[in-house]
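> Everything below, folded, please.
(2 chains)
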Amino acid sequence: MALSKPLFFTYLKTLNPKPHYYSLSPSFISIRLLSFATPEEAAAERRRRKRRLRIEPPLNALRHHQQPQRRPQNPIPTSNPNAPKLPDSFGVLTGNRLKLHQRILTLIRENDLEEAALYSRHSIYSNCKPTVFTCNAVLAALLRQSKYSEFLSFHRFITQASVVPNVVTYNLLFTAYCDCKRIDSALDHYKLLINNAPFNPSPTTYRILVKGLVDNARLDRALEIKDEMLAKGLLPDPIVYNHLMLGLVKSGDSDGVLDLYNEMKEKVGFVSDGVVYGSLMKGYFQKGMEKEAMDCYNEAVGEDSKVRMSAVAYNWVLDALNKNGMFDEAKRLFDRMMEEHNPPGRMSVNLGSFNVMVNGYCAQGRLTDAIGFFKRMGEKNCSPDTLSYNYLIEQLCGNEMMAEAEELFKEMGEDMISSPDEFTYMLLVNTCLEKNRVDEASKYFAKMAETSTLRPNAFSFNKIIDALIESGKIDEAKGWFDQMVEKLKTEVASYESMLRVLCEAGKLDEALKMVGDMLMNDDLGLSSEIKEVVTDALRREGREEDLPRVIEEKEREKAEILAKKEAEEIAKNSLADNKRVNSLPSMKFSELLGKGTKDEALEVGEVNKSVSAEVLAESEAETLEVREVVPESFSAEVDVTANNIPEVIDEVGEVVNESVSAEVLANESEAEILEAREVVTETFTAEADVIANNIPEVIDGNVLVDEIQGTKTGTVE
DNA sequence: CTAGGGTTAG
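Okay, here's the model as predicted:
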C-alpha cells in the first residue's frame, strides 16, 4: 500500500497540535490517594469519591457540549483519581527527553526501526521516559513500513506503560486498523476516544475513519460519523465529504453525491476547496447530466474560478474526465497542470497526476501512450512507487506486452518506495505460466523467495507448486512445498495432494517422511483415504509394511513428547506454587494498605512485583510483557497483582477497585471492554478495568500478519 | 494569508 508518504505528512502535520487540544494545565494530572489509616476511612473516601463524581461528571461528559474551539473547562483539578490523564504537552519535550526524542528520530531516519522501538521500550523504565511524541514517531514509522503487528505490540506496550495517548496516537492507531481492514477495531477505539479521552478528535481522525469505512463498504456508518463530526461543531471537511461522495459514486447513488455537495455548500456558502469537484462531476456524469458535469468542471478550472485547485483536486477532475470518455479534455487539463506547476510555490502536478493519466490511457487500450506518460514523471521530479509500477505492469502483461513489462520490472528500485512486492512477482509468475514458460516463472518465484522482506502466501506457493508438478518437475515442486510448510500454516489438503504426487512418482521415502511429519502435526493427521493411497504405492514396491512401521514409530515419539511435557508441567507448577507461597505477603496487601504505612505496602509491592515477574517471565517476550505492566507508580503495582495472579483480585478487590484507575482505560481493547465499561459509565471505576483485563487479548500479532499478507498479496489471476 | 503535500490504480 502506498501510504507511506501521505501518512508521514499527516503525522508531521498532526505533530503540531492545535493548542486547544492540549490546553489543560499539567497540574490537572491526578494524584492518587491511596493510603488510608483504616478500612473505614478507605470506604468513606470511596463514598466521597462517588458523591463527587455525581456532582462533577467526568471530563468527557462536559466535553460533549463545549464548542470545539473553546478551552475545555478545568472542572476540579487534582482531586479526581478517575479523571482521564492528559497527554504530554509540548513543554515536556525538553532536556534529556528531547535528546532521547532526537536519537530515536535519528534511528528512524536510518531505518533502524527495530532499534528505535527497542530503545523506546527500554527508556520507559529509565529515568528518561519517552514522551508521547517520541512514541508516536516510532508508531508512525512502523505504520509507514506496514509493520502492523509490531505497531500494535508497541502501541499496547506504551498504553500499558501509561504513556498517555494524544490525538495523533489515536489517529495512527485508526490508520493501522483501517489498513488491516479491521474497521470495527478502529471504531471501538474511536468510541474510547470519544468517551474517555480528554481531547476531541481532530479533522484527521474523521478523514481516516470515514475513508476506512467507505473503503470497506460501510457507507452508512461513514455518513453517521460525518454527522457526528458536524454535531461536534466542526466545519464540514471537504476531504471527508469527498471520500463520502466517491463512495456514493461507487455505489451508484448519484443523488446522494449531489445532496452531500449541497449540504456542504449550504453550510459554508461557497465550496472553495477543489477536491470535491471531481466527485461532483462523477455524480452528474452518472446521472447522464453531462452539461452540468462540465459546468462544474468550468466552475473548478475555468478562467476566473475562485476554486483552489491542489494537485489532488486536479487529479480527481482528471479522473472524472478520463472515466467518462473525455480523454482529450483530460489531456488538455493535464498539459495545463504541467505548465502551471511551479514548485515550491505552486504544486499542481504530482505522482498521482501521472498515474491517473496512465490509468486513463490503459483503459483506452493505448498502452504505448500510457508508458509515455509513465516515463514523463521525471519531468516534474516525480518517481513512480510500487503501486504505479504494478498497475502498468499488469496492464502490459494483460496486453501481450510482456517484454515491456519485464523492462519496467528491471527498473524497479531497491528502495521501499518502488521495490517489487509480492504482487509484482506474482504478476510476472502468472504471465510466464500462461505462456507455458514454467522455468522463467520459477525463476521469478525464486527471486521473490530470496528476498528477506517478501512473504508469498499459500495461494502463490500453490500456484508455482502446481505448475511445476504439471510439467513433471516434482523435486522442484517439493522444494517449494517444504519452504511453504516452513513458513506458513499449510492446509491438510495441500499435504495430501503433494503426498499423492510423491506416491505417483514413486518417491516413496519422501512420501513416508511426509507421512511422518503429518502424523507429528496435531492439526493434520492421516485420513484413511490417504493411507490407502500410500499403502498402494508401497505395495507396488513390496514395501507395504513400511507404513504401519512409520505410524507406530511416530505414535511412540508422540507419547514420549507428551510424557516429557507433562513432567515439565508438574515441575513448573510446583515451582510456581513455591513462589506463590513465598509471595504470600502480597496477600496482605489490602491489609497493609488499610492499616499499615505506605512504605510497608510499597515493600510488599516490590516483592510482589519481582515475584510475579519471575513466575510469569518464561521467555524474553514475556519478561517484556511483565515489565510492561510493572509500573512506576505504587498503585499500578496493584495492577500487576490483579492482572497476573487472579486469585489475589478477591483479596485486594476493594483496593484494586479503588486504586486502579483510568490509566488502564486506554488499554488495547475490544468491544467487550467497551461493553464492560458501559456498565459503569457514570463512575467508570475499576470494576470494568478488572473485567477488561481478564478478557483475553484479542489481538494476535501473527494472525494479523497473515491476514494482512493475505489481503495484500491477494490473488493474481 | 486565517490550512490542508489530501487522492487514484492491483
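> which one is A:T169 nearest to, not counting chain neighbours?
Residue nearest to A:T169 in three dimensions, not counting chain neighbours: A:N136, with 5.5 Å by CB to CB, 6 or more residues apart in numbering. No exception for glycine: its C-beta is placed from N, CA and C like everyone else's.
> element containing the residue of chain A found nearest DNA strand B, please.
With CB to the nearest atom of the strand, the shortest gap between chain A and DNA strand B falls at A:F423, namely 2.0 Å. Counting by DSSP states H and E, the element that carries A:F423 is helix A:422-434.
> For that helix, could you pull out the residues that count as buried?
For helix A:422-434, the neighbour count (16 or more other CB atoms under 10 Å) marks A:422-433 as buried.
> coming back round to it: am I right that the residue nearest to A:T169 sits in a helix?
Yes. With DSSP: H, G, I helix; E, B strand; the rest coil as the criterion, A:N136 is located in a helix.
> Identify the residues contacting stretch A:216-224?
Contacting residues not belonging to stretch A:216-224 are listed as A:178, A:181, A:183, A:187, A:209-210, A:213-214, A:243-244, A:247-248, A:251 [CB atoms under 8 Å, 6 or more residues apart in numbering].
> Quick check: residues of the stretch 101-250 of chain A near DNA strand B?
Contacts of the stretch 101-250 of chain A with DNA strand B, taken as CB under 7 Å from any atom of the strand, map to A:203-204, A:207, A:211, A:215, A:235, A:237-239, A:242, A:246.
> one more time with 6 Å
Proximity of the stretch 101-250 of chain A to DNA strand B, by CB under 6 Å from any atom of the strand, involves residues A:203, A:211, A:237-239.
> and those, which two are the farthest apart?
Maximum pairwise distance among those (CB to CB): 13.2 Å, between A:K211 and A:P238.
> So which residues on chain A come close to DNA strand B?
Proximity of chain A to DNA strand B (CB under 6 Å from any atom of the strand) is limited to residues A:1-2, A:5-6, A:9-10, A:203, A:211, A:237-239, A:273, A:275, A:310, A:312-313, A:315, A:344, A:347, A:350-352, A:355-356, A:359, A:387-388, A:390-391, A:394, A:421, A:423.
> List buried members of those residues by neighbour count.
Here, 16+ other CB under 10 Å leaves A:2, A:10, A:211, A:237-239, A:273, A:275, A:312-313, A:315, A:350-352, A:355-356, A:359, A:387-388, A:390-391, A:394, A:421, A:423 buried among the residues of chain A next to DNA strand B.
> can you list contacts of stretch A:457-477?
The contact list for stretch A:457-477, computed with CB under 8 Å, 6+ apart, reads A:422, A:425-426, A:429-430, A:433, A:438, A:441-442, A:445, A:480-481, A:483-484, A:488, A:490-491, A:494, A:498, A:501-502, A:505, A:507, A:709-710, A:713, A:715.
> Filter those down to the buried ones and express that as a PyMOL selection.
In PyMOL, this line selects whichever of the contacts of stretch A:457-477 come out buried by 16+ other CB under 10 Å:
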select buried, chain A and resi 422+425+426+429+430+433+438+441+442+445+480+481+484+488+490+494+498+501+502+505+507+709+713
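> circling back to that earlier point, tell me the helix or strand right after the helix holding A:F423.
Sequence order places helix A:438-450 as the next helix or strand after helix A:422-434, per DSSP H and E.
> what packs against that following helix?
Counting contacts by 3 or more CB pairs under 8 Å, 6 or more residues apart in numbering; DSSP states H and E, helix A:438-450 is packed against helix A:422-434, helix A:458-470, helix A:474-487.
> now the ones you listed as CSV including mean pLDDT?
Formatted as CSV, the helices and strands packed on helix A:438-450 follow (pLDDT from 0 to 100):
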stretch, mean pLDDT
helix A:422-434, 96
helix A:458-470, 95
helix A:474-487, 95
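> pull the longest helix from chain A.
Across chain A, the helix with the greatest residue count (assigned by DSSP state H) is helix A:546-582.
> Could you pull out the buried residues of that helix?
Buried residues in helix A:546-582 (16+ other CB under 10 Å): A:546-547, A:550, A:554, A:580.
> Save the residues you listed as JSON lines, and put in pLDDT and distance to A:G372 too.
What follows is the buried residues of helix A:546-582, written out as JSON lines (pLDDT from 0 to 100; distance: CB to CB, whole Å):
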{"residue": "A:D546", "pLDDT": "93", "distance to A:G372": "64"}
{"residue": "A:L547", "pLDDT": "94", "distance to A:G372": "63"}
{"residue": "A:V550", "pLDDT": "94", "distance to A:G372": "62"}
{"residue": "A:K554", "pLDDT": "92", "distance to A:G372": "62"}
{"residue": "A:R580", "pLDDT": "52", "distance to A:G372": "74"}
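> A:P87: which of these is nearest?
Using CB to CB, A:R580 comes nearest to A:P87 of those, at 37.7 Å.
> Dump stretch A:184-199 to CSV, restricted to CA.
In CSV, the C-alpha atoms belonging to stretch A:184-199 read as follows (Å, rounded to 0.1, in the frame of the first residue of the first chain):
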residue,chain,number,x,y,z
ASP,A,184,-14.5,-2.3,13.8
SER,A,185,-11.5,-2.2,16.0
ALA,A,186,-10.9,1.3,14.8
LEU,A,187,-14.5,2.2,15.7
ASP,A,188,-14.1,0.6,19.1
HIS,A,189,-11.1,2.8,19.8
TYR,A,190,-12.9,5.8,18.4
LYS,A,191,-15.6,5.2,20.9
LEU,A,192,-12.9,5.1,23.6
LEU,A,193,-11.6,8.3,22.4
ILE,A,194,-15.0,10.0,22.5
ASN,A,195,-15.9,8.6,25.8
ASN,A,196,-12.7,8.8,27.7
ALA,A,197,-10.0,10.9,26.2
PRO,A,198,-9.6,14.5,27.5
PHE,A,199,-9.4,15.9,24.0
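> quick one: buried residues of stretch A:230-248?
Neighbour-count burial for stretch A:230-248 flags A:232, A:234, A:236-248 (criterion: 16+ other CB under 10 Å).
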